[in-house]
Structure formats: C-alpha cells, structure tokens
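Engineer: Below are the sequence and a predicted model for it; my questions follow.
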Amino acid sequence: MLRIAVPNKGSLSEPASAMLHEAGYKQRKDRRELVLVDGDNEVEFFFLRPRDIAVYVGSGKLDIGITGRDLLLDSGAAAEEILRLGFAASTFRYATRPGTAREVGEFGGMTIATSFPGLVAKHLADNGVDASVVRLDGAVETAIQLGVAEIIADVVETGTTLRNAGLEIIGEPILESEAVVVRRTGAPADDPKVRQFLRRMQGVLVARRYVMMDYDIRAEKVEQAVALTPGLESPTISPLHHEGWVAVRSMVPARDAQRIMDDLYDLGARAILTTGIHACRL
Ligand SMILES: Nc1ncnc2c1ncn2[C@@H]1O[C@H](COP(=O)(O)OP(=O)(O)OP(=O)(O)O)[C@@H](O)[C@H]1O
Ligand SMILES: O=P(O)(O)OC[C@H]1O[C@H](OP(=O)(O)OP(=O)(O)O)[C@H](O)[C@@H]1O
Ligand SMILES: [Mg+2]
C-alpha cells in the first residue's frame, strides 16, 4: 500500500481531494474521517494538518504527501518536492504600514510576525539582518495594529487582506508557492507505486490544461495549420473523403483554444471542434 498524506483543512484541502478524485482515487465523504483505505488502488490516505505533512513524510512514516511549498520549506523537514500541482498559488511576502521600511535591509532591530518562522528566519539570515521573529497562528495582519510587530511576513494571493489592513508590500517575494507533492529526501526515485501515482496526477494536470481540437482543412494549408496546433507530440492527420481536404486532430492549451480557432478559421479551416479531455497518460 502506498501511504499518502492529504491536507485535512484550509486552502489546500478541497482542491487536493478534488484532484485525487479526478485521478480515480476514493476520497472521504465525511471531513472527520482521518484515514481512508482505497483497496482497489492499493493506496491509504492519511488526512493531516497541512503544516504537519512534510514532517510525516520527512520522517519516512508516510511515502508521499500533498502540501504547500511554503509549508515544506518552513518545516525544515527532510522532504523534497517532486511534482507541482498548480493550485493554491500564492507569494510569501513582507508587508508593513507605509513609512516603516522599504526593504529587508532596513528591518534591523524590528519584530516580524509570521506563521512561517522558519522561512522568515532563513531569509533574514541570508540577508544578514538581525531582527526578531514572533510566531502567530494566523490573522498576522492584525499584529501590526496591535503593536506586536512592525513588520509581517504572510501569504499573499490577491492582496485584498493586506489592503484591508492598510498595509503595503515590501520588496520582492520571499517565495512563490503552490501545492506540491513531496517525498522523503533521497527516497528511491524508481518506486513503481510512486511513479504510477505521479503519472495519474500528471494526467489530471494535462486533462485540465489541454483540450482536443479537430478541424478540416485543405491539404495545401495543412503545414500552416499544424504550426498553430503542433500538439504535444505531433498532430494526427487523416484523409477526408472530400478530395484535397484532411482532418487534423491535436491537443491545444485550453486557455489558447478560442484564439487558435479564430486563426484556423481565417486560414480556411472548417468544422473546428474542441472537446474536453477527461483523463490521460502521456
Ligand atoms: N489565500 C490563499 N491563496 C492561495 N493559497 C493560500 C491562501 N491562503 C493559504 N494558502 C496556502 O495554503 C497553505 C496553508 O494552509 P493552511 O491550512 O495552514 O492555512 P490556510 O489555508 O490559511 O487555512 P487556515 O488558516 O484556515 O487554517 C499554504 O501553502 C499557503 O500558501
Ligand atoms: O491576498 P489575499 O487574497 O487576501 O489572501 C491572503 C490571505 O489568505 C490567507 O488567510 P486566511 O483567510 O487563511 O486566514 P489566516 O490568516 O487566519 O490564515 C493568508 O494567510 C492571507 O491572510
Ligand atoms: Mg490561513
């Protein structure tokens, strides 16, 4: 059985379970379930606090886990990222009241509040800054208003929370984060169960990002058309009964599909169809 840690709460929890479900795994129906055995797929899921996942995986008690890159690096656990999952994207940044400081070099002697003390301490040390770090569980924006800290370091997605608290971002992001799959550092890379799990998750990523496009085009235009729809490997070209025409089938990035359809139409392609991909193995 492959033992997999899955976030039980917070921003990572629902999208992680949705992705596992899309990859064909059984997922829990009740949020209070802590462990779930998916016998058909020979996988056991452990629903754990996102912050603890890298620790369990790093200790070797669980084979792999889904967590945030920021949580992984903050934990200092002996775990490493093996696949980016493309959800829960955010940056990790410093912020403060206007006029307090413009860059990390000016933080000397100040106090920084954060839920990610490991990340912040390392970033300060890397920049040669001597400042205090206070660990808070959440809602760190309020720490400035209440005089607990001059600076905060927190997760920023849209920036709305910071704006609402009257704070502004300082400097470049400390980190760009997203949900990732982690395993113990140095674990054998060729474990067939892990590889199968990663292939399934990669299949979901591709199915979410691509659509299948079909169209008919005059044979003499096919090279120009295929330049617009090169596919992942190479497009399939089939002759049409109507002489001088071919049918083309190719995967295209979903976000470009409408623009590509316009361009194909202008080139003379007709019967241009896009269909969703439910699952795939590349
Ligand atoms: N607004 C957000 N947008 C994108 N990712 C986020 C956001 N808030 C937190 N995350 C990500 O979620 C992970 C933190 O999960 P965690 O469950 O500890 O916090 P949370 O989602 O803020 O939940 P809560 O604070 O309700 O416990 C981190 O990887 C972080 O980058
Ligand atoms: O840039 P934004 O789109 O505003 O998102 C970022 C906010 O979202 C998270 O907070 P959450 O709601 O999880 O509360 P918390 O601070 O208690 O964790 C994070 O800690 C930030 O505060
Ligand atoms: Mg939070």
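Structural biologist: Looks like it came in fine. Ligands and ions are numbered 1, 2, ... in the order given.

Engineer: residues near Glu80, how many?
Structural biologist: Neighbour count of Glu80, defined by other Cβ atoms under 10 Å: 16. The C-beta positions use only the backbone N, C-alpha and C, and glycine is treated the same way.

Engineer: Contact partners for the residue nearest to it when sequence neighbours are not counted?
Structural biologist: Of all residues not flanking Glu80 in the chain, Thr185 sits nearest, at 4.8 Å (Cβ to Cβ, 6 or more residues apart in numbering). Taking Cβ atoms under 8 Å, 6 or more residues apart in numbering as the criterion, Thr185 is in contact with 58, 78-80.

Engineer: of those residues, closest to Gly244?
Structural biologist: Nearest to Gly244 among these is Glu80, at 54.7 Å by Cβ to Cβ.

Engineer: Run the chain-centre distance for the helix or strand containing Val222.
Structural biologist: For Val222, the host element (DSSP states H and E) is helix 222-228. Here the centre of helix 222-228 is set off from its chain's centre by 32 Å, with Cα atoms, centre = their mean, to the nearest Å.

Engineer: next helix or strand past it?
Structural biologist: Downstream of helix 222-228 (by DSSP H and E), the next one is strand 236-239.

Engineer: Okay, strands next: where are they in the stretch 51-200 of the chain?
Structural biologist: Under the criterion DSSP state E, counting those that start in this stretch, the stretch 51-200 of the chain contains strands at 64-68, 79-84, 90-96, 111-114, 132-135, 151-156, 168-177, 179-184.

Engineer: Out of the ones you listed, which is closest to ligand 1?
Structural biologist: In terms of Cβ to the nearest ligand atom, the element of the strands of the stretch 51-200 of the chain nearest to ligand 1 is strand 64-68, at 1.9 Å.

Engineer: so that closest one versus strand 151-156, what angle?
Structural biologist: Here the directions of strand 64-68 and strand 151-156 differ by 120 degrees (axes from the mean of the first three to the mean of the last three Cα atoms, to 10 degrees).
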